[in-house]
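1. model the structure of this input:
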Amino acid sequence: MRRRLVLVTLLFASFIAWLPVHSSFAQAPESGPPPMIEPPPPSSETSPAPVPTDEHRLPELLPHERADAVMDLGELRSAVRMSPNSADDRLKLAQGLYRIGDLDAALDECRVALKLESNNARAHLQLGVILMAKQDGHAAAIALMEAILLDPELTHAHYSLGSVQYSLGNLAAAILSYRRTLELQPNFPDARYRLALVLKLTNRHQEAVQFMEEAAIGGVPQAQYFMGNAYRNGQGVEKNLTLAIRWWTNAVEFGQQRAAESLSQLRRQALSPDQSDRRRKDASEAFRQYRDELWTAYPDTERIDPTESLGIALLKDGQASNGVTVLFAEAFALGETAHDELALLYETGLDTSLAQFDRRILACFGTTAADGFIPSKKALARIYGKGLGVTPDMQKAKAMLKGLSKQEMKAILDEIAGR
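-> Predicted coordinates:
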């Protein structure tokens, strides 16, 4: 018991000692969220240190999930009524209450469980997680440290403690917690991502990039977005716009909106007449190289012409699903040949792989047209002018043609009119 008291004292002392060191990360009030610095919008050419957000938000449930969670609560409460002195049943009920967002009731159940079993490490961990959701960083840290003292190999406790230590400004302690998390569970991409963010804040850029890239490879969309930023700006790595495009594209597949905005910014750089020749050329070349690199994933597919579309080649090879996927990738990367193929497939469809008037093609064209891609503008003008899968809208069709030469505009309008 005395040894445990000494350990608690040492841990708490190290936890408090770091508070005044990082004055730029002032302690958040217990009633408010932890301090955050949002990264700049994609239009900025700078890329300051990204900052972790609080991953212990209340779970967002879909309506059917919430209904299931509410039904589960009935069974969990029934179990507690049958065994009121079971700490495990109390913890399960606490987890159920946490899941539907009833933090106060969850907290009460955790405390009852701890009265029943004061040495239950999982109960201290659950208590810490709930306190994090209630934005009570100091109390959460104490609960999590107690969980670690009782079970030093409780990975989740180390990971959560790292987040709390960051929110209170204890960057060095947060780094130690995330490192310990990875010692216990090396295959933990999210911990690598969090560690990379905090290392970035302490200006350890090279080490931060290493962990960030490992997290990106592990499938963390935010890490993929930040790796794109790193390669765009040459922060911790050699500047490489093609790799930036690759990482942003991966992130977009997981719904990372800021990565989509970064790609849009780069497309505009490649297409806008307001950009310098060098900037336009750099961006255009990066997209071309990205399209070329797509071929490396299909070594058995023969490439006859350097300008050939991989997506079309795959379709000819009978790989319809892969072909459609690659066509979209090439079109978003300003591939005109792939774009033209998608424009044809929009009208015809492709067996079970692509429906006629597929809305994904319409969305792709809308995105690239907004960035200034002329082939997309022409395709959309034709689609809206003729009412192909959409309500005919000549006003919208003409709006798509803004910026084209008079000759190009006349040719498309004549086609729409059937002349």
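2. neighbours around residue 407, how many?
-> Look at residue 407: counted by other CB atoms under 10 Å, it has 7 neighbours. In this view, the C-beta of every residue, glycine as well, is placed from N, C-alpha and C.
3. ok, it to residue 277 distance?
-> From residue 407 across to residue 277, the span is 24 Å (CB to CB, to the nearest Å).
4. contacting residues for residue 143?
-> When contacts are counted by CB atoms under 8 Å, 6 or more residues apart in numbering, residue 143 is found next to 124, 125, 127, 128, 131.
5. 6 Å - rerun?
-> Each residue near residue 143 by CB atoms under 6 Å, 6 or more residues apart in numbering is listed here: 124, 127, 128.
6. now the first one: how far from residue 339?
-> Plainly put, residue 124 is 57 Å away from residue 339 if you go by CB to CB.
7. how about the last one?
-> Using CB to CB, we find residue 128 at a distance of 52 Å from residue 339.
8. and what of residue 385?
-> To residue 339, residue 385 is 18 Å away according to CB to CB.
9. those two: who's more crowded?
-> residue 339 (26 against 22).
10. now the element after the helix or strand where that one lies, going C-ward?
-> In this assignment (DSSP states H and E), residue 339 forms part of helix 336-348. Using DSSP H and E, the helix or strand that follows helix 336-348 towards the C-terminus is helix 359-370.
11. mind pulling up the pLDDT for the residue nearest to residue 302 when sequence neighbours are not counted?
-> Leaving aside its chain neighbours, residue 302 sits nearest to residue 313 (7.4 Å; criterion: CB to CB, 6 or more residues apart in numbering). Here, the pLDDT recorded for residue 313 equals 96.
12. dump the residue contacts of residue 310.
-> 294, 295, 326.
13. among these, which ones are buried?
-> Neighbour-count burial (16 or more other CB atoms under 10 Å) applied to the contacts of residue 310 gives 294, 326.
14. wait, which of the contacts of residue 310 is closest to residue 365?
-> Of all the contacts of residue 310, residue 326 has the smallest distance to residue 365: 16.8 Å, by CB to CB.
15. which residue comes closest to the closest one once chain neighbours are left out?
-> Nearest non-adjacent residue to residue 326, counting by CB to CB, 6+ apart: residue 311, 3.9 Å away.
16. helix, strand, or coil at the one you found?
-> When classified by DSSP: H, G, I helix; E, B strand; the rest coil, residue 311 comes out as helix.
17. contact partners for it?
-> Going by CB under 6 Å, 6+ apart, residue 311 touches 323, 326, 327, 330, 338.
18. mind listing which of these are in helices?
-> Among the contacts of residue 311, the members falling in helices (DSSP state H) are 323, 326, 327, 330, 338.
19. which one of those residues sits closest to residue 262?
-> Set against residue 262, the nearest of these by CB to CB is residue 330 (18.4 Å).
20. and the host helix or strand of residue 182, what's buried?
-> Using DSSP H and E, residue 182 sits within helix 171-184. By neighbour count with 16+ other CB under 10 Å, helix 171-184 contains the buried residues 171, 173, 174, 175, 176, 177, 178, 180, 181, 182, 184.
21. show the model's pLDDT score for the first one.
-> If you check residue 171, the pLDDT there is 96.
22. coming back round to it: for residue 351, state which of the contacts of residue 311 is nearest.
-> The closest of the contacts of residue 311 to residue 351 turns out to be residue 323 (CB to CB; 11.2 Å).
23. what sits against the closest one?
-> Counting by CB under 6 Å, 6+ apart, residue 323 touches 311, 314, 315.
24. redo that, cut-off 10 Å
-> Residues in contact with residue 323 (CB atoms under 10 Å, 6 or more residues apart in numbering) are 298, 301, 309-317, 338, 341, 345, 350, 353-354.
25. repeat for residue 351
-> Residues counted as contacts of residue 351 (CB under 10 Å, 6+ apart) are 320, 321.
26. distance check, it against residue 345.
-> Plainly put, residue 351 is 11 Å away from residue 345 if you go by CB to CB.
27. just give the nearest non-adjacent residue to residue 191, would you?
-> Excluding its sequence neighbours, the residue lying closest to residue 191 (CB to CB, 6+ apart) is residue 181, at 4.5 Å.
28. residue ranges with poor pLDDT in this structure?
-> Scanning the chain for pLDDT under 70 picks out the ranges 1-67, 69-70, 419.
29. could you rerun that using 50?
-> Scanning the chain for pLDDT under 50 picks out the ranges 1-54.
30. element containing residue 216?
-> Residue 216 is part of helix 205-217 when elements are defined by DSSP H and E.
31. just the closest of the contacts of residue 143 to residue 149, please.
-> In terms of CB to CB, no member of the contacts of residue 143 lies closer to residue 149 than residue 124, at 8.7 Å.
32. which strand or helix spans that closest one?
-> helix 121-133.
33. C-alpha coordinates for that helix, PDB please?
-> What follows is helix 121-133, C-alpha atoms only, in PDB (Å, rounded to 0.1, in the frame of the first residue of the first chain):
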ATOM      1  CA  ALA A 121      -8.400  -1.100 -13.200                       C
ATOM      2  CA  ARG A 122     -11.100  -1.200 -15.900                       C
ATOM      3  CA  ALA A 123     -13.500   0.700 -13.600                       C
ATOM      4  CA  HIS A 124     -10.900   3.500 -13.200                       C
ATOM      5  CA  LEU A 125     -10.400   3.500 -16.900                       C
ATOM      6  CA  GLN A 126     -14.100   3.800 -17.600                       C
ATOM      7  CA  LEU A 127     -14.300   6.600 -15.000                       C
ATOM      8  CA  GLY A 128     -11.400   8.400 -16.700                       C
ATOM      9  CA  VAL A 129     -13.000   8.200 -20.200                       C
ATOM     10  CA  ILE A 130     -16.400   9.500 -18.900                       C
ATOM     11  CA  LEU A 131     -14.600  12.400 -17.100                       C
ATOM     12  CA  MET A 132     -12.800  13.200 -20.400                       C
ATOM     13  CA  ALA A 133     -16.200  13.400 -22.100                       C
END
